[in-house]
Structures are given as structure tokens and as C-alpha cells.
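J.: Sequence first, predicted coordinates after that:
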Amino acid sequence: MLGIEKESLYFGGFDIAKNEASFRKHLMIRQPYLIVKRCFDLLFSLFVIVFVFSWLFPILTLLIKLDSAGPVFFIQKRVGFLGKTFRCFKFRTMVVNSVSDQQQAVSNDPRITRLGKFLRLTSLDELPQFVNVLLGEMSIVGPRPHMHKDNEDFGKIVSNYRFRYYVKPGITGMAQVKGCRGPAKNFHSIFHRYQWDAFYIRNASLSLDFKIIRLTAIQIIKSLFFFKHNKKSEGILLQIEETPGLVFAKTSPSQ
């Protein structure tokens with residue numbers, strides 16, 4: 001057997017656990033692509049770990065420790081390929097709290113640290129997941145892995161939601177480059193992400209993977225400029241508010 005968990009997974013309308021022969025046939029057809037994809041994952045991950053992670057890790061470790069008390073890494077059990085559980089690595093972006101495995105991060109979440117906001121905006125908090133890629137638990141491109149609670153909740157809202165786990169979860173994915181980031185709170189946001197993930201699974205190819213990686217790189221560069229611009233704007237507003245003799249009138253959300 002392929003090590004599929006007892007709970008059935010469905011792909012393309014059939015139960016994988018009950019149709020293992022069909023599933024194996026599909027894997028055989030996709031084997032050349034999967035082999036090249038795995039080789040690329042290994043080479044790219046090694047490159048990032050050696051030439052980026054190696055020098056950036058000590059800097060971020062120091063900053064995270066100075067910013068708030070707690071461990072450098074946030075390690076969470078998430079749902080991986082064929083529904084298997086794995087430990088997903090991230091840089092910690094929140095203060096240590098007891099609800100991190102049940103509650104999604106939201107906009108202006110008080111649990112997020114000052115440095116955590118920057119790490120999340122630039123996706124640098126995901127950098128340790130290249131270790132997950134090396135271990136074979138993740139791929140560079142694929143549907144983002146969910147914590148177990150979200151996986152169960154979303155599965156109740158969208159039928160055949162476990163279709164996402166037909167491939168390895170990714171550091172980045174189709175849904176992310178299409179703007180589906182942040183908390184998924186309603187049917188529209190959950191289903192919209194699922195649609196893009198399902199599109200990727202049905203159309204996965206090396207050209208599509210490279211396109212997603214390129215678009216992700218562009219998003220990260222834009223987020224760095226956005227963060228810099230945002231900090232500059234905050235500084236200007238702070239100067240105005242603190243300047244004697246000036247009254248700063250805040251506009252309402254409707255304006």
C-alpha cells in the first residue's frame with residue numbers, strides 16, 4: 001500500500017484508497033515530471049540554505065530573541081501529502097500563546113510581534129521550510145499546508161477538499177500568487193483558494209512551477225518596497241502628530 005491513512009482521500013471523483021491501481025497508474029504517467037520536480041526541489045533548497053539561510057539565520061535569530069521572549073522557530077503539525085502529518089518549520093512571528101494551533105492569524109493580530117509583521121509581509125518566516133523540502137515533506141511549489149483544525153473546518157465547507165493533498169504541500173503556490181493570502185474566514189475565500197489549488201494540481205508542470213516561483217519573487221520584492229514605504233509614511237504621520245501647534249485630524253474609514 002502507499003501508506004494512505006484510514007480516512008479516504010478522493011481524487012478526480014474516485015476513492016484513492018479503494019482504487020490504488022488507478023492511483024499508481026496516474027503516478028507512473030506523471031513520474032518524469034515528479035522526478036525532475038524533486039531534483040529541482042533538492043538543488044534549489046540546498047542553494048537557498050547554503051547561500052541565504054546560512055548567513056540570514058544568525059541575524060534573524062538575534063532579532064527574534066531581542067524582539068520577544070520565546071523560541072526562534074515555530075514548529076506546528078500540519079497536513080501533508082495524502083493527509084499525512086508532518087512538522088512544519090517557520091520563524092516565530094507571534095508571542096508565545098496557547099491558541100496558535102486553533103486560531104488563524106488575522107489583520108492587526110495582537111499576537112504578532114513587531115518583527116513578525118515584517119517577516120510575514122516579506123514571507124521570510126517561511127524560509128525554514130526549505131528544510132521541510134529537503135526532508136521530502138514539502139515541495140517548493142504546491143498548495144500551502146494547513147494546520148489540522150483548518151483542514152477539518154475547510155473540509156466541512158468545501159466538498160472533496162482533500163483533493164489538495166494529492167500533491168506535496170508547497171512553500172508557495174498558485175493560490176498565493178493569485179492574491180489568496182491571509183486568513184480564510186468565509187466560504188468565498190476558502191473556495192477561491194481551493195479552486196486555484198485544484199487548478200494547479202490538474203495542470204502541474206515545470207513551466208507552471210517556474211512561473212509561480214517567478215511571480216512569488218516579484219511579490220516578495222514588492223512587499224519589501226511596500227514595507228519601506230509604509231514605515232516612511234508612519235514616520236511622517238508621527239512627526240506631524242508630535243509637532244507643537246499642529247492638530248492632526250484622523251480621517252474616518254469611510255473617507
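T.: Structure received.
J.: okay, CA-based contacts and neighbour counts for the rest of this
T.: Fine.
J.: pLDDT at Phe163, what is it?
T.: In this model, Phe163 is scored at 87, pLDDT.
J.: Can you classify it as helix, strand or coil?
T.: The local conformation at Phe163, judged by DSSP: H, G, I helix; E, B strand; the rest coil, is helix.
J.: what about it, distance to Phe130?
T.: Distance of Phe163 to Phe130, computed by CA to CA, to the nearest Å: 24 Å.
J.: Who has more neighbours out of the two?
T.: Neighbours per residue (other CA atoms under 10 Å) separate Phe163 from Phe130, with Phe130 holding more: 27 against 20.
J.: Tell me if I'm right that that one and Leu43 touch.
T.: No: using CA atoms under 8 Å as the test, Phe130 is too far from Leu43 to be in contact (10.7 Å).
J.: so where is this protein shaky, pLDDT-wise?
T.: 1-20, 22-23, 227-255 (pLDDT under 70).
J.: let's see it at 50
T.: Scanning the chain for pLDDT under 50 picks out the ranges 1-8, 10-14, 233-255.
J.: Give me the residue at the spatial middle of it.
T.: Arg144 (4.8 Å; CA atoms, centre = their mean).
J.: sec struct for it, please.
T.: Secondary structure state of Arg144, per three-state DSSP, is coil.
J.: Now do the SS call for Phe154.
T.: With three-state DSSP as the criterion, Phe154 reads helix.
J.: what's the neighbour count on Phe89?
T.: Residue neighbour count, defined by other CA under 10 Å, stands at 20 for Phe89.
J.: ah, wrong one, I meant Ile35
T.: Ile35 has 11 neighbouring residues, counting by other CA under 10 Å.
J.: I'd assumed it was in a helix, is it?
T.: Yes: according to three-state DSSP, Ile35 belongs to a helix.
J.: what about it, distance to Lys149?
T.: Applying CA to CA, the value for Ile35 to Lys149 is 32 Å.
J.: go on, Ile64?
T.: From Ile64 over to Lys149 the distance is 27 Å, taken as CA to CA.
J.: Between these two, point out the one with more neighbours.
T.: Ranked by neighbour count (other CA under 10 Å), Ile64 and Lys149 place Ile64 first, with 23 against 15.
J.: what's the helix or strand for that one?
T.: Under the criterion of DSSP states H and E, Ile64 resides in helix 54-67.
J.: And that helix, what does it pack against?
T.: Contacts defined by 3 or more CA pairs under 8 Å, 6 or more residues apart in numbering; DSSP states H and E place helix 54-67 against helix 114-122.
J.: Direction-wise, compare the helix it packs on with helix 54-67 and give the angle.
T.: Taking axes from the mean of the first three to the mean of the last three CA atoms, to 10 degrees, one finds helix 114-122 and helix 54-67 inclined to each other by 140 degrees.
J.: And the contacts of whichever helix or strand comes after helix 114-122?
T.: Using DSSP H and E, the helix or strand that follows helix 114-122 in sequence is helix 129-134. Under the criterion CA atoms under 8 Å, 6 or more residues apart in numbering, residues 41-42, 45-46, 48-49, 88-90, 138-140, 171 lie in contact with helix 129-134.
J.: for stretch 69-80, same thing?
T.: Applying CA under 8 Å, 6+ apart, the contact partners of stretch 69-80 are 61, 64-65, 85-93, 95-96, 101, 137-138, 145-148, 151, 165, 168-169.
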